[in-house]
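**Q** sequence first, then the predicted structure:
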There are 2 protein chains.
Amino acid sequence: MQAWKDYQEKNKDRFLNELLELLRIPSVSAKSEHKNDLISCAEALKTRLLEAGADKVEIYPTEGHPIVYGEKITDPSKPTVLVYGHYDVQPAEPLELWKNDPFDPTIIDGKIFARGSCDDKGQVYMHVKALETLVKTNTLESNIKFCIEGEEEIGSPNLAKFLNAHKELLKADCVLISDSAMISLDTPSIDIGVRGLSYIEVEVTGPNRDLHSGVYGGAVANPITILAKMIASLHDENNHITIPGFYDDVVVASAEERALMAKAPFNEKEYAEDLGVQEVWGEKGYTTNERTGIRPTLELNGIWGGYTGEGAKTVLPSKAYAKISARLVPNQISDKITDLLIKHLEKIAPPYVKVKATLHHGGEPYMTPIDSKAYQAASKAMETTFGKTPIPVRGGGSIPICALFEKELGIKIVFMGFGLDSDNLHSPNEKYDIANFYKGIETIPYFHKYFSEM
Amino acid sequence: MQAWKDYQEKNKDRFLNELLELLRIPSVSAKSEHKNDLISCAEALKTRLLEAGADKVEIYPTEGHPIVYGEKITDPSKPTVLVYGHYDVQPAEPLELWKNDPFDPTIIDGKIFARGSCDDKGQVYMHVKALETLVKTNTLESNIKFCIEGEEEIGSPNLAKFLNAHKELLKADCVLISDSAMISLDTPSIDIGVRGLSYIEVEVTGPNRDLHSGVYGGAVANPITILAKMIASLHDENNHITIPGFYDDVVVASAEERALMAKAPFNEKEYAEDLGVQEVWGEKGYTTNERTGIRPTLELNGIWGGYTGEGAKTVLPSKAYAKISARLVPNQISDKITDLLIKHLEKIAPPYVKVKATLHHGGEPYMTPIDSKAYQAASKAMETTFGKTPIPVRGGGSIPICALFEKELGIKIVFMGFGLDSDNLHSPNEKYDIANFYKGIETIPYFHKYFSEM
């Protein structure tokens, strides 16, 4: 569509500047001190959606951070696409590893460095600008709804309730999500599955107070040592997870799927070099792509206990803590795995300590059928703008809300992610390539066109 | 001595108030932000020593925190006691576990709650008030020197140089140290040995940046998991330390010494109850007192890595850290154990990670001969004021400077500690019983009297 191309070319600098403005708002959902930043961010999105041509935009308060709903209804008899995304971001710590202030977006070599640049403000904003393109060129033939939440990074605790309470408002024919990555601009791909999540925190208590490690050391169990032994026991020598029942519901990928996965371009040497590791690690019997795609995992996300400051302190601490999360694949069930994990940790705790394990949040794994209308529309749209048919792949991350949309609204999801695995999501120096941002804005209008024609 | 008793009774409230004033100075040697507090504390001590009757007091600057030297020379031909102590304190963190501000001493039930109350300002100050008692009652027959440093809690990095440079100034017949505990006011005891120390920090680096645990989890070694496995491997199923060569130089205690130790009053049930643990822990084949007295140990003093803040962050961190310290017994050598420990950690590191281990500080174990004049004087002094012969015991903590005094000045040390194991040294709510403070002031003059008469 030449009209789209012309409109986008003329406005591209403004599109970028508007995104940078959005990235300056530190909308960290995990930290209560940022509550007002989340509200500011929701309001900024509302303004931008109205400017882009939405008929109606509303900010729905929740018990946590608000949800932004917007819509452009052209013809209720035509297909409707519900765009889901999130305007909240992960904490930016450790700040000292950032090259720039994470909330002062800085462009280097065509990449926008900022927390949320890719996950997910940059990708959400492509949809706002795609709407603007369609509206301003009078080419929107169908209906678009937006549901942009502010709690994705803390497990969407209030989304189910919102979906359930607004079934009519959110009625649509598919959910379109850009919160994932593709292989590269040269090798487009579409995620057909995301992993589920079970995220817990464990607290190990030894003595009832911090002790002098000289006076008591050797005679009282050290909770750090005990926690380390517990963690160490969670993977065996083949890096299989040792929790009884953990793999029971895993759907073993077929030989065909594994053969197809093996064809995706991947260079293990470059992968290891990019990460600065001498050797990759993982479950015996599986390739790197299989380990992140079709297999469940158990990762330590944080650990702390005792003295962690400058210098030395000879303390035998009272407590040690860890944050642990499992990524789940079909047909594992988040609640079931959480329960197994918590019970297992309690069971393996020796009698010298007390162990308390609690759920942070969870989410179910999800698979998109590649024969669905939405997948076909996404594939055709990417083929149009990239010149290549995208490869279907399984993503390693989790978008726990997927199963929620299916359960509450009965509609299927399609992922059209424009990020890259190297975008440093959840890490210092998160970035989003400007080229990918523009490619998304170019591609999304085709999705709406093809989906409405199917 | 009635004159001592009368003088002390008349001045006891002032003695206490002066100590409280000293405790208000946050002289945390591990933290550079407290540099000026250390200087203030040294100056306050100087003032108090002069008021107490010292002839000469000098503050010696070092590359770190200053050393306070003081002396009262009655007759150079008479015996001289060198009192060693430290005016620096451990960091007070975690602050939220204190019932009061650690630098606003609070008296509850006859106990002074403050950082440094027992370790070691309270015990140092007993010596200042003992000097005052002797001087003001004209009963000092011998000579007393003071060497009070400000870096004990960070491993006394500048003490050896000071001792070496001032051998004549520090010349004495014994070193007297009150920086340890006794069993109780009812059961006096004297430490005859302190353990050595080897304190290191280890850094485990996996990927070169923090990663998204969904995108990379399961395919790259997680440094927390690897560190946990390394730590877990340091003790076997009998809680023996697995580092090859670690026990090589340990002098195995004789059956006689073990039999003597077994006679010291100790109730394991009360010990466990006081600590709030269901079961004690430790090296198989040894009792609790043996585990903290005659056996070396390896303790985790701190661990950290990944996200440790509020809420959840799905990060696979680049780095994880631990602070690890070994307590050493005769004839283990600190440098040798540090070397074994560092090399062992580097050796067991799997190829997926990089491991860097570095020394914080160390010190040698030390034994006081119980047939020495100084031990006999201490024993007799305690017998005089407690009405019972003190039991010789081995302490679990470390006073790494002991071996230093012997090496640099060629003089033996005697410990006369008035603290209790339950004083929460290095922990929140450190305390010192006022009764113990006064008992020390009452006892120390007898030590000087008996030592000068032997």
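**A** On my side now, so go ahead. Numbers count the residues shown, from 1 in each chain, chains lettered A, B, ... in the order given.
**Q** next secondary structure element downstream of the helix or strand that contains A:I148?
**A** If you go by DSSP states H and E, A:I148 is part of strand A:143-149. Secondary structure here is assigned by DSSP H and E; on that basis, the next helix or strand after strand A:143-149 toward the C-terminus is helix A:159-165.
**Q** does chain B have contacts with that next one?
**A** No. Using Cβ under 8 Å from any Cβ of the partner chain, helix A:159-165 stays clear of chain B, coming no nearer than 15.7 Å. All C-beta spots, glycine's among them, are computed from the backbone N, C-alpha and C.
**Q** okay, buried residues for that helix please.
**A** For helix A:159-165, the buried set under the neighbour-count rule, 16 or more other Cβ atoms under 10 Å in any protein chain shown, comprises A:L159, A:F162, A:L163.
**Q** between those, which sits nearest A:G396?
**A** Nearest to A:G396 among the buried residues of helix A:159-165, counting by Cβ to Cβ, is A:L159 at 21.9 Å.
**Q** pretty sure the closest one sits against A:I67.
**A** Yes. In this structure A:L159 lies within contact range of A:I67 using Cβ atoms under 8 Å: 7.4 Å.
**Q** quick check: neighbours shared by those two?
**A** Both A:L159 and A:I67 are contacted by A:E149, under the criterion Cβ atoms under 8 Å, 6 or more residues apart in numbering or on different chains.
**Q** contacts only, for the residue of the stretch 1-150 of chain A found nearest chain B.
**A** Of the residues in the stretch 1-150 of chain A, the one nearest chain B is A:A30, at a distance of 3.5 Å by Cβ to the nearest Cβ. Contacts of A:A30 were listed using Cβ under 8 Å, 6+ apart, and they are A:Q90, A:P91, A:E153, A:I154, B:G309, B:E310, B:G311, B:A312, B:K313.
**Q** quick check on the residues you listed: which are buried?
**A** Buried positions within those, assessed by neighbour count (16+ other Cβ under 10 Å), are A:Q90, A:P91, A:E153, A:I154, B:G311, B:A312, B:K313.
**Q** from A:P188, how far out is the second one?
**A** For A:P91, the distance to A:P188 under the criterion Cβ to Cβ, to the nearest Å works out to 31 Å.
**Q** cool, and the first one?
**A** Between A:Q90 and A:P188 the computed distance is 26 Å (Cβ to Cβ).
**Q** returning to that earlier point: now for the strand holding A:I148, which elements pack on it?
**A** helix A:35-52, strand A:67-72, strand A:80-86, helix A:121-136 (3 or more Cβ pairs under 8 Å, 6 or more residues apart in numbering or on different chains; DSSP states H and E).
**Q** confidence-wise, which helix or strand of chain A is lowest on average?
**A** Across the helices and strands of chain A, mean confidence by mean pLDDT, DSSP states H and E is lowest for helix A:255-263: a mean of 83.
**Q** how about it: buried residues?
**A** Buried residues in helix A:255-263, counting neighbours by 16+ other Cβ under 10 Å, are found at A:R258, A:M261.
**Q** so which bits of the stretch 101-250 of chain A are right by chain B?
**A** Going by Cβ under 8 Å from any Cβ, the residues of the stretch 101-250 of chain A near chain B are A:153-155, A:181, A:195, A:197, A:199, A:201, A:206-222, A:224-225, A:227-229, A:231-235.
**Q** go ahead and build a PyMOL selection from the buried members of the residues you listed.
**A** Here is the PyMOL command that selects the buried residues among those (16+ other Cβ under 10 Å):
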select buried, chain A and resi 153+154+155+181+195+197+199+201+206+207+209+210+211+212+213+214+215+216+217+218+219+220+221+222+224+225+227+228+229+231+232+233+234+235
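**Q** which of the residues of the stretch 101-250 of chain A next to chain B fall in helices?
**A** Within these, membership in helices is found for A:I224, A:T225, A:L227, A:A228, A:K229, A:I231, A:A232, as judged by DSSP state H.
**Q** now those as TSV including pLDDT?
**A** As requested, those are exported to TSV (pLDDT from 0 to 100):
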residue	pLDDT
A:I224	98
A:T225	98
A:L227	98
A:A228	98
A:K229	98
A:I231	98
A:A232	98
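**Q** picking that back up, nearest to B:C174 among the contacts of A:A30?
**A** Here the nearest of the contacts of A:A30 to B:C174, counting by Cβ to Cβ, is B:G309; it sits at 51.7 Å.
**Q** ok, that closest one - contacts?
**A** For B:G309, the contacting residues are A:A30, A:K31, A:P91, A:E93, by Cβ under 8 Å, 6+ apart.
**Q** B:A349: which of those is nearest?
**A** Taking Cβ to Cβ as the measure, B:A349 sits nearest to A:E93 out of the contacts of B:G309, at 26.0 Å.
**Q** ok so that closest one is a helix residue?
**A** No. Checked against DSSP: H, G, I helix; E, B strand; the rest coil, A:E93 lies outside a helix; its state is coil.
**Q** residues near it, how many?
**A** Around A:E93 there are 18 other residues, counting by other Cβ atoms under 10 Å in any protein chain shown.
**Q** backbone dihedrals for it, please?
**A** Dihedral angles of A:E93 (phi, psi; degrees, to the nearest 10) stand at phi -60, psi 150.
**Q** so what's it scoring on pLDDT?
**A** The predicted local distance difference test score for A:E93 is 91.
**Q** just the strands in the stretch 351-454 of chain A please.
**A** Secondary structure of the stretch 351-454 of chain A (DSSP state E, counting those that start in this stretch): strands located at A:354-363, A:366-367, A:391-394, A:413-415, A:431-433.
**Q** of all these, which lies closest to A:V251?
**A** strand A:366-367 (9.1 Å).
**Q** how far does the closest one sit from its chain's centre?
**A** Relative to its parent chain, strand A:366-367 has a centroid offset of 14 Å by Cα atoms, centre = their mean, to the nearest Å.
**Q** same question for stretch A:429-448.
**A** What separates the centre of stretch A:429-448 from the centre of its chain is 17 Å, taken as Cα atoms, centre = their mean.
**Q** what's the answer for stretch A:274-291, then?
**A** On Cα atoms, centre = their mean, the centre of stretch A:274-291 falls 21 Å from that of its chain.
**Q** who touches it?
**A** Counting by Cβ under 8 Å, 6+ apart, A:238-240, A:253, A:258, A:261-262, A:264, A:266, A:268, A:271-272, A:294-295, A:297, A:422, B:206-209, B:211, B:216, B:218-221, B:351-353 sit against stretch A:274-291.
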